[in-house]
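S.K.: sequence first, then the predicted structure:
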Amino acid sequence: MVRYEHWITRGFESFRRGTFGNAGQNLYVSRRGILQRIFLHDLNQDGYIEAIFCNCQDQLEAPDIYVYTDPLNSHDRIELPADGALSGAVADLNGDGYDDLVLGMEYNGASTELHAFIYYGSAEGFREQHCVHIPVPQCQSVAIGDFDGDGRPDLAFISKGKLRVFYQTELGFEPSAFTDLDISGDHLASADLDCDGYADLYIISDRLPPRVLWGGKGGLSVSRKSEYRIEGEVGSFSEQADETMEQERVGLTPLARTSCLGNEHHLFVAFSDHVYLVPIAADRSFGRRLKFFCPASVSVASGDFNGNGEQDLVFATREKAGKHERSWIYWGAPDGFSEDRRTELDTFCACDVTADDLNGSGCDDIIICQNQTPETYSVNSRIFCGCKEGVNLTPVELPTEGARLALVAKGDSQVHPHVIFINRWGRTGRNVIKPVIYFGGSDGFSVDRCQYLEGIGAATALPCDFNDDGRPDLVFANSAENAQYLDPGTYCYLQGDTGFSGEPSVVLPSKHAWGLAAADIDRDGCLELVIIPFIGEEVLIYRSSGDGFDTGNPQRIRLIENGKAYKSSYRGCLADLNNDGYLDLVLGQLGSDRCFVLWGGPDGAFSQKKLTRIAGHSVTASLAADFNEDGWVDLVIANHKIMGDHKGDSFVLMNGPDGFDPRPVTRLPTMGPHGMIPVQPGNQKDRGPEEYYISEPHELSGNACVQKIEWEADVPAKTWVKAQIRLADSENLLDSAVWQGRDGAGSWLDCGEEAHHIHHEGGWVQYRLALGAINSGSTPRIQEVKVTISKL
């Protein structure tokens with residue numbers, strides 16, 4: 001008589017005694033006893049995966065230049081294409097009576113290998129068809145002057161930190177006819193400082209003292225220069241910006257400016273809490289300097305603002321006044337200037353100032369360009385109109401886009417001088433941009449089928465079911481890259497019955513988060529979340545439970561070697577690299593010559609005491625997979641740059657029983673990569689659609705054989721479960737036994753399918769489950785596996 005018995009796997013403890021494919025990189029059993037996949041790309045469980053975009057930045061990096069043709073009365077303007085302009089200058093280059101505009105391009109969002117633009121003025125104003133280009137890559141500053149005294153204005157640029165000069169000929173400016181001089185600087189200004197008929201060049205840098213290159217026959221020469229040193233002075237304003245992001249630094253560096261007071265030109269020299277105007281005599285000597293207590297000054301202009309015949313000064317500053325900022329007018333008088341005779345102007349993030357009589361009133365007007373507010377670069381710049389009573393403190397507001405410089409251009413037939421703003425950035429640039437989910441469907445994607453969630457500089461998204469309720473949740477790593485003071489931490493959205501709410505369910509404390517990884521690292525039935533910063537010493541691991549995340553007690557991993565802290569892990573990945581059945585953590589290291597492998601183990605914790613260094617070059621990302629299918633997970637590491645050069649190679653590192661070969665097997669040409677695919681859909685080893693679970697071994701009695709296998713599971717659309725059986729005479733022989741299904745070796749069984757033909761009397765048995773999902777969209781959720789065993 002045949003008797004039947006059942007071998008049942010049910011519950012957390014029972015399932016955890018089995019083996020999870022790839023050490024559980026994408027498979028685990030939850031505390032509730034549900035065997036399931038981890039990464040879930042079908043958020044609304046309709047059978048179609050979603051496209052999740054971590055919207056991080058919306059700034060415009062190459063806005064047009066604004067030319068206001070009647071600035072005191074109208075917002076009418078000409079918008080001239082630029083290519084990431086940071087600097088500009090105006091002068092009548094060809095002697096036709098109209099000022100021309102020269103723009104220097106720094107970075108357009110894609111490249112620094114750019115050209116300067118020369119827009120020639122005309123009776124119709126500036127037009128695109130009257131524009132020529134000359135090669136000036138990564139331009140920081142522009143100045144115009146007749147440096148060789150031939151009667152034709154020449155052009156000087158700071159290009160890649162060095163001086164480049166184009167001398168004008170009877171043909172104009174020839175693209176290949178330039179001279180590079182071995183002198184570095186940040187900003188330029190030009191004037192005939194010694195009144196000898198040759199324009200001179202004033203050069204400033206935050207690393208070197210102010211210098212003057214004297215013009216003369218043959219043009220500028222590094223052999224004809226003077227330096228102005230001030231002993232005991234410390235702290236230029238620009239030094240306060242060393243930890244700010246690129247966009248925030250724009251406008252913090254004082255500009256090179258000269259002012260003519262009386263019969264002498266003066267150099268503008270700014271320090272953190274005061275300014276000097278340094279006179280230059282005809283013999284090129286420096287005279288007695290004037291001191292002004294204008295903290296955080298960035299620019300100066302002179303003019304007669306009240307029409308009384310005295311030269312006045314205006315300093316554009318970022319001096320704090322409570323929650324506001326201010327600039328200053330110093331009123332001229334026969335006895336000079338006084339701190340007691342000045343007027344405050346309401347400005348914010350002032351970058352530059354210039355002055356001119358824009359309406360023919362006999363009083364010069366003050367034009368101050370403003371770069372940003374805490375929220376946006378799209379801000380108004382201001383014109384304070386001069387008048388007999390002083391200045392009108394209610395300014396004319398003109399829209400600008402992260403304006404860096406203000407210029408005034410004139411022409412013979414122009415009714416009004418034109419005011420030009422060199423726009424550097426546009427829109428917000430503060431990372432307060434919402435990430436978006438575009439929901440997939442049978443027709444693909446639609447702009448009308450989406451949901452926006454909160455985020456600040458979201459850099460990475462990770463979809464997993466963290467609370468084991470059967471619904472995918474979503475985590476965003478908020479980097480706040482361009483506004484670190486707004487960093488809110490990492491957002492976790494737990495999905496409810498009606499989807500995601502507009503606000504995060506949980507905020508996990510973190511700083512500068514960039515990379516994410518997740519798995520049940522410690523095998524406790526709850527997923528851990530790894531948060532990797534792009535700035536900062538600590539990698540955080542938060543543990544979850546059915547009640548949520550333990551936000552107060554993350555594991556903190558600090559990478560310190562020989563007293564040096566490694567602070568820019570950027571991204572990482574989890575993989576079993578030594579085939580011990582436990583996940584290991586690979587961490588990149590931006591700005592370093594190495595990356596790290598932290599070895600996992602039974603305790604589910606990582607420590608720098610169990611660490612291996614791998615040679616790399618500013619590694620920003622890694623990808624783990626068994627590339628040569630030898631059973632060992634290999635690595636690709638993305639090298640951001642090699643020895644300072646973004647053009648280089650990334651490495652393929654082959655793994656084996658003895659670890660990684662220290663010599664890259666393959667070098668792949670790359671150019672400054674910032675990342676790779678964080679979690680690719682599919683199995684980590686073979687990229688197939690299935691993840692595998694192997695049961696613990698089970699002993700059969702003498703006359704028993706497997707009859708069938710079945711399971712209790714929720715199987716959403718486009719997912720599946722299938723099984724295989726293997727048998728052996730002893731437990732030790734199971735590993736070498738063949739997996740079998742309905743048609744023998746290599747085939748599979750469906751739920752409840754008879755398996756009596758897989759005959760083996762006595763011995764030991766194991767089953768293997770394949771949990772499949774198209775595009776890693778969803779997951780089967782298996783509660784129980786039952787193997788029916790027949791006995792005679």
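M.R.: Yes, it's here. Numbering: from 1, shown residues only.
S.K.: ok, residue 384 to residue 417 distance?
M.R.: For residue 384, the distance to residue 417 equals 16 Å [C-beta to C-beta, to the nearest Å]. All C-beta atoms are positioned from the backbone trio N, CA, C, and that covers glycine.
S.K.: ok, residue 295 next?
M.R.: Using C-beta to C-beta, one gets 31 Å for the distance from residue 295 to residue 417.
S.K.: who has more neighbours out of these two?
M.R.: Neighbour comparison, residue 295 and residue 417: the larger count goes to residue 417, with 22 against 18 (by other C-beta atoms under 10 Å).
S.K.: SS state for the closest residue to residue 626 other than its chain neighbours?
M.R.: Nearest residue to residue 626 in three dimensions, chain neighbours excluded: residue 685, at 4.3 Å (C-beta to C-beta, 6 or more residues apart in numbering). Counting by DSSP: H, G, I helix; E, B strand; the rest coil, the backbone at residue 685 sits in coil.
S.K.: ditto for residue 775
M.R.: Residue 775 is classified as helix under three-state DSSP.
S.K.: isn't it right up against residue 41?
M.R.: Yes. Residue 775 is within contact range of residue 41, at 6.2 Å (criterion: C-beta atoms under 8 Å).
S.K.: which neighbours do these two share?
M.R.: Residues touching both residue 775 and residue 41 (C-beta atoms under 8 Å, 6 or more residues apart in numbering) are 49, 681.
S.K.: so where's the stretch 351-500 of the chain uncertain?
M.R.: Within the stretch 351-500 of the chain, the stretches with pLDDT under 70 are 429, 431.
S.K.: what about the stretch 651-792 of the chain, any weak spots by pLDDT?
M.R.: In the stretch 651-792 of the chain, residues with pLDDT under 70: 662-665, 674-680, 759-762, 792.
S.K.: 90 instead, please
M.R.: 651-655, 658-688, 700-707, 729, 743-744, 746, 754-763, 775-777, 789-792 (pLDDT under 90).
S.K.: and the strands in it?
M.R.: Per DSSP state E, counting those that start in this stretch, the stretch 651-792 of the chain carries strands over the ranges 666-671, 690-694, 698-700, 704-714, 719-728, 740-741, 744-745, 763-773, 781-791.
S.K.: which parts of the last one are buried?
M.R.: It stands for strand 781-791. 781, 782, 783, 784, 785, 786, 787, 788, 789 (16 or more other C-beta atoms under 10 Å).
S.K.: and what of the fourth one?
M.R.: For strand 704-714, burial by neighbour count (16+ other C-beta under 10 Å) applies to 704, 705, 706, 707, 708, 709, 710, 711, 713.
S.K.: number of nearby residues for the closest residue to residue 629 other than its chain neighbours?
M.R.: Excluding the flanking residues, the one nearest residue 629 by C-beta to C-beta, 6+ apart is residue 686, at 7.4 Å. Residue neighbour count, defined by other C-beta under 10 Å, stands at 12 for residue 686.
S.K.: and residue 686, how far is that from residue 646?
M.R.: Taking C-beta to C-beta as the measure, residue 686 and residue 646 are separated by 33 Å.
S.K.: partners of residue 141 in the sheet?
M.R.: residue 158 (DSSP bridges).
S.K.: pretty sure it is in contact with residue 102, am I right?
M.R.: No. Using C-beta under 8 Å, residue 141 makes no contact with residue 102, being 10.9 Å away.
S.K.: which residue ranges form the helices in this structure?
M.R.: 12-16, 246-249 (DSSP state H).
S.K.: those helices: lowest mean pLDDT?
M.R.: Sorting the helices of the chain by mean pLDDT places helix 246-249 lowest, at a mean of 42.
S.K.: domain-wise, how is the protein divided?
M.R.: 3-13+695-791, 19-57+431-671, 65-423 (automatic domain parsing).
S.K.: out of the ones you listed, which gets nearest to residue 681?
M.R.: domain 3-13+695-791 (3.8 Å; C-beta to C-beta).
S.K.: could you check how far the residue sitting nearest the centre point of the chain is from residue 57?
M.R.: Note on the chain: the residue nearest the mean C-alpha position is residue 481, at 5.7 Å, using C-alpha atoms, centre = their mean. Distance of residue 481 to residue 57, computed by C-beta to C-beta: 8 Å.
S.K.: now residue 681
M.R.: For residue 681, the distance to residue 57 - C-beta to C-beta - is 26 Å.
S.K.: who's in contact with residue 441?
M.R.: 46, 48, 449.
S.K.: how many neighbours does residue 443 have?
M.R.: Residue 443 has 8 neighbours, counted by other C-beta under 10 Å.
S.K.: quick one: it from residue 48, how far?
M.R.: Counting by C-beta to C-beta - residue 443 and residue 48 are separated by 9 Å.
S.K.: over to residue 424?
M.R.: Counting by C-beta to C-beta - residue 424 and residue 48 are separated by 42 Å.
S.K.: likewise residue 382?
M.R.: Distance from residue 382 to residue 48, by C-beta to C-beta: 52 Å.
S.K.: likewise for residue 265?
M.R.: Applying C-beta to C-beta, the value for residue 265 to residue 48 is 70 Å.
S.K.: please apply the same query to residue 626.
M.R.: Residue 626 is 29 Å from residue 48, by C-beta to C-beta.
S.K.: ok, now residue 193?
M.R.: Counting by C-beta to C-beta, the gap from residue 193 to residue 48 is 70 Å.
S.K.: who's more crowded, those two?
M.R.: residue 193 (27 against 21).
S.K.: that one reaches residue 260, doesn't it?
M.R.: No. Counting by C-beta under 8 Å, residue 193 stays clear of residue 260, with 9.7 Å between them.
S.K.: report how many residues lie close to residue 95.
M.R.: If you count neighbours by other C-beta under 10 Å, residue 95 ends up with 9.
S.K.: now the phi/psi pair for it, please.
M.R.: Note on residue 95: backbone dihedrals following degrees, to the nearest 10 are phi 70, psi 30.
S.K.: can you tell me how far the closest residue in space to residue 550 that isn't next to it in sequence sits from residue 774?
M.R.: Nearest non-adjacent residue to residue 550, counting by C-beta to C-beta, 6+ apart: residue 543, 5.2 Å away. Applying C-beta to C-beta, the value for residue 543 to residue 774 is 31 Å.
S.K.: again with residue 80
M.R.: 51 Å.
S.K.: which of those two has more neighbours?
M.R.: With neighbours defined as other C-beta under 10 Å, residue 80 and residue 774 compare such that residue 80 has more, 21 against 17.
S.K.: identify the residues contacting that one.
M.R.: 64, 65, 67, 101, 119, 126, 128.
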